[in-house]
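*Asks:* sharing a model that was predicted from the sequence below.
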Amino acid sequence: MLATPSDTVAVMDATQLIRPEYQGLARKLAISPAFVPTVGNEFELIRSGPRYGELLFSDFRAATKLIELELFLFGNDPDGERARDILFERVTDGVEVRYTHDSFGNFFDSIFDGRKVFTGFYTNLSRGGIEVRNFSPFTRIDPTLCNPTWRNHRKINIIDKRIAYTGGMNVTVGSISGWGDAMLRITGPAVQSLRSVLLLNWNDLARCKSERDNMTLRVEGEAPDTDGAILQVVADGADQPAFMAEEAIIWMLDHALKYVWFETPYFLPDRPIIKALARAVARGVDVSVILPTESDLPALDPAYRSCLEECFRCGVKIFYRKPPFNHSKTVLCDDYLLSVGSTNLDKISLRSLYEVNVYIYDEESALRHRAYLEDSLDSAIVFDQAVIDSWDSKERFLQFVFRIVSPYL
């Protein structure tokens, strides 16, 4: 049954169905009913942009009541235009479409990527019948003025309150027609958890109480052992009381028995994570980090290399995945726990941005992802002393400068 405004939605806590050695993490992350693990979920882990576009646009067309979007980037580009036109058609058919927009993030990303600005693309979304609420309008005094990294980096799409997408993919040419990435398409109780996260900002941006959609989640006891995956949705950002993704990463590094593998496009961890990486390696845990050869932000590549030598010296294995660029943000631990989300392994994501991650407690899913990562490493470049020796004086100088300013990156 679909929730309506001000409805209370019951969730069942599946913590006791998780392997005992991981229940401590599940409880640590369950700081609200929205973050309680749920069972009975079905999902597809999408790794290609064309597959994502195929599924997302099909679900848009099949929507009958409500489409909700909370996106870091809705590109003023061909794939963004495709999504816009489908959403305009759905509005014409009577479907309500809501979009939480980050004008600051979209403006500067368009400049970085060479897309046109001041074209009226985002204004026209409202004119076409889409209800747009701006996370960071330039006309409002907000934290952007003192911290431009305080952005809404979440990617959540929800269709008719029964299908949800989340992960690393925006609605842009890069995500849909360009590079590799990781995105989940979910059905089941976890959809309500994701919708609860989406409504945090949607309601915060409401001009009056009547514009709020006050869905409330309530935990109604322990979940029965049933079919479907156990998923735990966990948000990060200024609307949360702790750095949730960092807490989870450090927990995995401190409790792993065999390995923790990271897949991230940007690597600039803070000191607590670097220390946790070293502790795990010292215990004999295989800690591996898979990076792209070059990021989509080449000016910052020296920053993302500035911590590699330290991590290499303490025993972290580092691999460069060959092009095309891969934007995936996943963490895999001991053939059981898989995290897929929007959080990069850098200080901006871990300490400033609004993020959301899904923790999947499932051996079969973990083993499938492990096989995928192992396959991707067949052609990867291993980071070793020879790579370090190849850095020239300019590269060393840029890394030194970025280490100084790294608290702001």
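*Replies:* Received it, and whenever you're ready, just let me know what you need.
*Asks:* can you report how many residues neighbour residue 65?
*Replies:* Residue 65 has 12 neighbouring residues, counting by other C-beta atoms under 10 Å. For the C-beta atoms, the positions are set from N, CA and C on the backbone; glycine is no exception.
*Asks:* next one: phi and psi at it?
*Replies:* Note on residue 65: its backbone torsions stand at phi -130, psi -50 [degrees, to the nearest 10].
*Asks:* buried residues, whichever helix or strand residue 60 is part of. List them.
*Replies:* In the assignment (DSSP states H and E), residue 60 maps to helix 49-62. Residues 49, 52-53, 55-57, 59-60 are the ones in helix 49-62 that count as buried (16 or more other C-beta atoms under 10 Å).
*Asks:* output it as CSV, restricted to C-alpha atoms.
*Replies:* Output of helix 49-62 as CSV, limited to C-alpha atoms (Å, rounded to 0.1, in the frame of the first residue of the first chain):
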residue,chain,number,x,y,z
GLY,A,49,25.1,3.9,-18.1
PRO,A,50,23.0,2.6,-21.0
ARG,A,51,21.4,0.0,-18.8
TYR,A,52,20.6,2.7,-16.2
GLY,A,53,19.1,4.9,-18.8
GLU,A,54,17.0,2.0,-20.2
LEU,A,55,15.6,1.1,-16.8
LEU,A,56,15.1,4.6,-15.5
PHE,A,57,13.4,6.0,-18.5
SER,A,58,11.2,2.9,-18.8
ASP,A,59,10.1,3.4,-15.1
PHE,A,60,9.5,7.1,-15.7
ARG,A,61,7.1,6.1,-18.6
ALA,A,62,5.3,3.5,-16.5
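*Asks:* from the buried residues of helix 49-62, which is closest to residue 196?
*Replies:* Distance to residue 196 across the buried residues of helix 49-62 (C-beta to C-beta) is lowest for residue 59, with 19.8 Å.
*Asks:* what about residue 339, distance to residue 41?
*Replies:* The gap separating residue 339 from residue 41 is 15 Å, by C-beta to C-beta, to the nearest Å.
*Asks:* next one: residue 244
*Replies:* Distance, residue 244 to residue 41, by C-beta to C-beta: 20 Å.
*Asks:* neighbour count: these two, which is higher?
*Replies:* residue 41 (25 against 22).
*Asks:* the more buried one reaches residue 188, doesn't it?
*Replies:* Yes: with contact defined as C-beta atoms under 8 Å, residue 41 counts as touching residue 188 (3.3 Å).
*Asks:* quick check: neighbours shared by those two?
*Replies:* Here residue 41 and residue 188 have 228-229, 231 as joint contacts, going by C-beta atoms under 8 Å, 6 or more residues apart in numbering.
*Asks:* go ahead and flag the most central residue of this structure.
*Replies:* residue 342 (1.2 Å; C-alpha atoms, centre = their mean).
*Asks:* leaving out sequence neighbours, find the closest residue to that residue.
*Replies:* In space, and not counting its chain neighbours, residue 342 is closest to residue 355: 4.8 Å by C-beta to C-beta, 6 or more residues apart in numbering.
*Asks:* ok, that neighbour to residue 23 distance?
*Replies:* For residue 355, the distance to residue 23 (C-beta to C-beta) stands at 24 Å.
*Asks:* kindly report the same for residue 233.
*Replies:* Separation of residue 233 from residue 23 (C-beta to C-beta) stands at 17 Å.
*Asks:* higher neighbour count, those two?
*Replies:* Ranked by neighbour count (other C-beta under 10 Å), residue 233 and residue 23 place residue 233 first, with 29 against 15.
*Asks:* for the helix or strand containing that one, name the packing helices and strands.
*Replies:* For residue 233, the host element (DSSP H and E) is strand 229-236. Contact partners of strand 229-236 among helices and strands, from 3 or more C-beta pairs under 8 Å, 6 or more residues apart in numbering; DSSP states H and E: helix 20-29, strand 38-48, helix 190-204, helix 244-255, strand 355-361.
*Asks:* next, the contact list for residue 196, please.
*Replies:* Residue 196 sits in contact with 33-34, 215, 217, where contact means C-beta under 8 Å, 6+ apart.
*Asks:* which of those residues sits closest to residue 311?
*Replies:* Using C-beta to C-beta, residue 34 is the member of the contacts of residue 196 that lies nearest residue 311, at 33.4 Å.
*Asks:* give me the pLDDT for the nearest residue to the closest one once chain neighbours are set aside.
*Replies:* Counting by C-beta to C-beta, 6+ apart, the nearest residue to residue 34 once its immediate chain neighbours are dropped is residue 196, at 3.9 Å. At residue 196, the model reports a pLDDT of 96.
*Asks:* do the same with residue 2
*Replies:* Per-residue confidence at residue 2 stands at 46 (pLDDT).
*Asks:* what's the answer for residue 312, then?
*Replies:* With respect to pLDDT, residue 312 has a value of 97.
*Asks:* with the one 4 residues further on instead?
*Replies:* Residue 316 is assigned 98 on the pLDDT scale.
*Asks:* what's near enough to touch it?
*Replies:* Per C-beta under 8 Å, 6+ apart, neighbours of residue 316: 277-278, 281, 287-289.
*Asks:* most neighbours of all the residues you listed, which one?
*Replies:* Result: residue 277 is most packed of those (other C-beta under 10 Å), 26 neighbours.
*Asks:* where does pLDDT dip in the stretch 301-409 of the chain?
*Replies:* 407-409 (pLDDT under 70).
*Asks:* swap in the chain?
*Replies:* Residue ranges of the chain with pLDDT under 70: 1-6, 137-149, 407-409.
*Asks:* got the domain boundaries for it?
*Replies:* Under the assignment automatic domain parsing, the domains of the chain span 9-25+33-233, 244-408.
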